[in-house]
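> Whatever this is, show me its structure:
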Amino acid sequence: MEPTAAGWPPNLLSAAHLLLKHGEILRCEDLGWGSNYTFSVDLRFEDESGRAVYKPRKGERPLWDFPHGTLYRREFGAYLVSKALGWPSIAPTVIRNGPYGVGSVQLYLDSEPPRSMRDLLEKCADLDLARVAAFDFLTNNADRKAGHLLRDQSGALWSIDHGLCFNVVPKVRTVLLHYCSEPIPDPILADLDAFRSNSELMVGVTAALRRLISEEEIEAFVRRLAWLLERKSYPALDPYRSVPWPPF
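You can find the predicted model right below:
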């Protein structure tokens with residue numbers, strides 16, 4: 001059963017969310033890229049139809065540093081945290097059964113990845129990227145490639161691929177290294193503080209995460225939130241070991 005939580009924003013149960021959760025899968029096509037099996041699916045629910053990205057548990061490649069068969073849960077957990085914070089923009093995501101069993105299903109974005117780091121930095125607002133950098137530390141994202149940041153036709157920035165999040169051990173690997181050791185912008189700190197101060201929301205988030213990841217990983221998540229608010233700066237990372245490969 002999909003985790004739920006008290007205090008979620010009303011748009012969590014949007015028409016897109018209902019389509020993803022309850023829509024009939026009309027087509028399932030292997031996208032043929034990435035370390036794990038990823039499929040494009042066409043969905044229909046009542047009068048709504050659309051495309052989504054389906055990542056089944058069965059298609060996850062075993063990793064030495066993440067429990068096997070948990071990446072789809074982490075994908076959904078990152079989405080829930082983004083909804084609680086209000087950023088970064090992550091497309092509606094659910095957990096459901098599909099042609100290859102249970103997995104994450106995320107609304108397809110009509111968008112394009114950056115062509116280079118220069119393209120990314122020039123075309124994306126600094127505050128949007130700063131939010132992504134803070135989110136990646138908070139969720140301990142081990143795979144922030146430049147290609148995991150997409151811009152839609154309106155220019156809005158979207159974040160994808162969050163399967164390697166929430167480890168207990170510090171794992172952040174990112175192409176956004178220029179934020180390391182820099183002060184966190186005040187609007188981001190204000191949002192993080194509001195999140196921690198909202199006891200109902202914090203209880204809801206941790207309750208939902210408890211059905212997705214381990215108790216130790218949840219405790220580490222809460223400690224990272226406290227660390228950000230106490231230090232008010234991004235962590236210093238190793239410029240060699242803390243970059244994903246490939247970076248795009």
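
> Is the nearest residue to residue 86 once chain neighbours are set aside part of a helix or strand, or is it coil?
By the measure of CB to CB, 6 or more residues apart in numbering, the closest residue to residue 86 outside its immediate chain neighbours is residue 191, 6.1 Å from it. Where C-beta positions appear, they are placed from N, C-alpha and C, glycine not excepted. Here residue 191 takes the helix state, with states given by DSSP: H, G, I helix; E, B strand; the rest coil.

> who touches residue 191 in this structure?
Contacts for residue 191 were tallied using CB atoms under 8 Å, 6 or more residues apart in numbering; they are 85-87.

> SS state for residue 106?
State at residue 106, reduced to three classes by three-state DSSP: strand.

> Quick one, grab the pLDDT at the residue nearest to residue 86.
According to the model's per-residue confidence, residue 191 sits at a pLDDT of 98.

> swap in residue 152?
Value listed for residue 152 in the pLDDT field: 88.

> same deal with the one 10 residues further on?
In the predicted model, residue 162 carries a pLDDT score of 98.

> Check the gap between it and residue 55 for me.
Spatial separation of residue 162 from residue 55 under the definition CB to CB, to the nearest Å is 11 Å.

> Neighbour count for those two, which is higher?
For residue 162 and residue 55, the more surrounded residue by other CB atoms under 10 Å is residue 162, and the numbers stand at 29 against 24.

> quick one, domains of this protein?
What automatic domain parsing lists as the domains of the chain is 13-107, 111-231.

> Can I get those domains in CSV including distance to residue 246?
What follows is the domains of the chain, written out as CSV (distance: least, CB to CB, whole Å):
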stretch, distance to residue 246
domain 13-107, 11
domain 111-231, 7
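
> For residue 240, which of these is the nearest?
Using CB to CB as the criterion, the shortest distance between residue 240 and the domains of the chain is 10.2 Å, found for domain 111-231.

> Look through this structure and tell me its longest strand.
Longest strand in the chain, counting residues (DSSP state E): strand 48-56.

> Now do the strands in this structure.
Read by DSSP E, the chain holds these strands, from start to end of the chain: 24-30, 39-45, 48-56, 93-98, 101-107, 111-112, 149-152, 157-159.

> For those strands, which has the smallest mean pLDDT value?
Across the strands of the chain, the stretch with the lowest average pLDDT is strand 111-112; it has a mean of 80.

> Pairing partners for that one, with directions?
Here strand 111-112 has these sheet partners by DSSP bridges: strand 149-152 (antiparallel).

> So which bits of the strand it pairs with are buried?
In terms of neighbour count (16 or more other CB atoms under 10 Å), strand 149-152 has its buried residues at 149-151.

> ok, residues contacting it?
In this structure, residues lying in contact with strand 149-152 by CB under 8 Å, 6+ apart are 109-114, 120, 123-124, 129, 132, 157-160.

> go with 10 Å
Outside strand 149-152, the residues within contact range by CB atoms under 10 Å, 6 or more residues apart in numbering are 88-89, 91, 109-114, 119-120, 123-124, 128-129, 132, 156-161, 175-176.
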